[in-house]
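S.K.: need coordinates for the following:
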Amino acid sequence: MVRYLLLIFLFIAMQISPALAAEMGPTIRVGLVANQFSAELSSGGQINVVSDSGEKVTLKAGNHFVSVKKGLLQIDNIIIGGNHASFFAVDAKAPLNVNRKHYRGAITAALNSDRKTLNVINALPLEEYLYGVVAKEIIPLWPDEAIKAQAVASRSFALFKIKSSNYMGYDVRANEMGQVYGGILAEHANTNRIIDETRGVVALYGGKPIEAFFHSCSGGYTESSENVWGNAVPYLKAVKDYDEDAPNFSWEKIYTRDQLQKQLEQAGYKLGTLDSIRISYRKPAPMQASDRGISGRVKEITFNGTKSVTIEGTKLRSILQLNSTLFDIYVGLNRPDYIEVPILNQFGMEIGKKKIPIKLNNNDKDNYTGNMGPVRLLTSVVGEKIFITGNGWGHGLGMSQWGARGMALAAPKQEKDYYKKILQHYYTGTEIKKIY
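M.R.: Numbering: from 1, shown residues only. Alright, predicted model coming up:
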């Protein structure tokens, strides 16, 4: 297998000059298809197939399917010997597509150890991989310094994965958590330009590339890793965010008692009749509470009924499909934000309406429940609802993309390489350095 992978890397290196190959970074192996029974390959021209057993097949132009049959790789109805098969477009003007998407670099199908499923792997230089990542992760027309910060974060994340991947046969998935890879169709000229400008620049901690997690927006304050995933990472600490312009900076979900009960029951939590919810009130960050993180993100929450269950904040976020774990809960009546009054002309005819806002505070929402400290009591008041009001989108760790935009917009115009300050704000104690 090692000899076979070396041949793949040699093929990639032959496509560019040795000097440029060094500048394009190490080879990264991306799992385009993982643990599946089949994948579609297509091209407008012929496709050459070479297996690690030495077998060679030429496929006609069009669509083809690679799959597993009786423990062997199969292309359409042709059985291919060996555990791996590489695919090459004969005509450069008719590129090879995987599941109707085009990718740079080499494409390989690999039989898994269960001999029932396969992986399809795209091996290519790291910098070319970033072309298909950064434009998917950030708006290409944002300020350059924000895009530079994203490029360095994505590069650092990828290098960390190359050095520490637990996957068999590849380093990252195409839909890696927090890092989506879309291939050539996802690329944008502006993000490609900025990737080239920051080529080889990485965020380091202790001299090693960091696992540079990022998210859309934090809701005003990021979080420390130990309060989200349980393990303390020195460069993933809670800091103030500058993401007020984010479209998901604030959000709300509203449930009846029955709706919330049903959601929890479907997730396996049998409560009986829900009668109260226990969670400390959220306060401005930084805050201290055993059930919340520094930003106010929920670490755990207790639902009481015939039985009581305590659920981790990240688990509840998944169950209820919440934007983040930065939220509070109130119980009360669904009161309108405004009243609408008619506008009449001199003849008494309605010619329009005017909305008059009603100013509410949090206590207005829950004053029917007789709350005691952190307990939200549910009653039988007609129209009672459970309000989940929150901020931010994502796990809240590392760099906030909308926060990076906010910092970039506020940066002094004469200051060069401001993206480094953005990165060092969100990744505590890191060094930003060009390593190739």
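S.K.: for the rest of this, base every contact and every neighbour count on C-alpha atoms.
M.R.: Fine.
S.K.: OK, contacts around L111?
M.R.: Applying CA atoms under 8 Å, 6 or more residues apart in numbering to L111 gives the contacts 68, 72-73, 83-84, 117-119.
S.K.: which of these lies closest to A285?
M.R.: Ranked by distance to A285 (CA to CA), these are led by N119 at 44.4 Å.
S.K.: which SSE is the residue lying closest to that closest one once chain neighbours are set aside in?
M.R.: Closest residue in space to N119, ignoring its immediate chain neighbours: A34 at 4.5 Å, by CA to CA, 6 or more residues apart in numbering. According to DSSP states H and E, A34 maps onto strand 27-36.
S.K.: elements contacting the very next helix or strand once past that strand?
M.R.: Note on strand 27-36: by DSSP H and E, the next helix or strand toward the C-terminus is strand 38-43. Helices and strands touching strand 38-43, by 3 or more CA pairs under 8 Å, 6 or more residues apart in numbering; DSSP states H and E, are strand 62-69, strand 97-98.
S.K.: partners of the shortest one in the sheet?
M.R.: Read it as strand 97-98. Strand 97-98 has its sheet partners listed here by DSSP bridges as strand 38-43 (antiparallel), strand 101-102 (antiparallel).
S.K.: now do the longest one
M.R.: For strand 62-69, the pairing partners within the sheet under DSSP bridges are strand 38-43 (antiparallel), strand 72-75 (antiparallel).
S.K.: out of those strands, flag the one nearest R292.
M.R.: strand 38-43 (43.9 Å).
S.K.: and that closest one, average pLDDT?
M.R.: Across strand 38-43, the average pLDDT comes to 96.
S.K.: hmm, who's touching it?
M.R.: Counting by CA under 8 Å, 6+ apart, 33, 61-68, 89, 94-100, 117-118, 120 sit against strand 38-43.
S.K.: dump the strands paired with strand 62-69 to CSV, plus distance to P374 and mean neighbour count.
M.R.: Shown next, in CSV, are the strands paired with strand 62-69 (distance: least, CA to CA, whole Å; neighbours: other CA atoms under 10 Å):
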stretch, distance to P374, mean neighbour count
strand 38-43, 52, 21
strand 72-75, 59, 21
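S.K.: of all the ones you listed, which one is nearest K283?
M.R.: Among the strands paired with strand 62-69, strand 38-43 sits nearest to K283 (CA to CA), with 49.9 Å.
S.K.: which element follows the closest one toward the C-terminus?
M.R.: Per DSSP H and E, the first helix or strand lying C-terminal to strand 38-43 is strand 47-51.
S.K.: surely Y205 is in contact with E431?
M.R.: Yes. Y205 is within contact range of E431, at 6.4 Å (criterion: CA atoms under 8 Å).
S.K.: phi, psi of M407?
M.R.: In terms of degrees, to the nearest 10, the main-chain angles of M407 are phi -70, psi -40.
S.K.: now the terminal residues of stretch 60-78, how far apart.
M.R.: One end of stretch 60-78 sits 13 Å from the other (CA to CA, to the nearest Å).
S.K.: buried set for that stretch?
M.R.: Going by neighbour count (16 or more other CA atoms under 10 Å), the buried part of stretch 60-78 is 61, 63-64, 66-68, 72-75.
S.K.: outside of that stretch, which residues touch it?
M.R.: Outside stretch 60-78, the residues that reach it (CA under 8 Å, 6+ apart) are 37-47, 79-84, 109, 111, 115-118.
S.K.: how about a cut-off of 7 Å?
M.R.: Residues from elsewhere that reach stretch 60-78 (CA atoms under 7 Å, 6 or more residues apart in numbering): 37-47, 79-81, 111, 115-117.
S.K.: show me how far it is from its chain's centre.
M.R.: Put simply, stretch 60-78 sits 33 Å off its chain's centre (CA atoms, centre = their mean, to the nearest Å).
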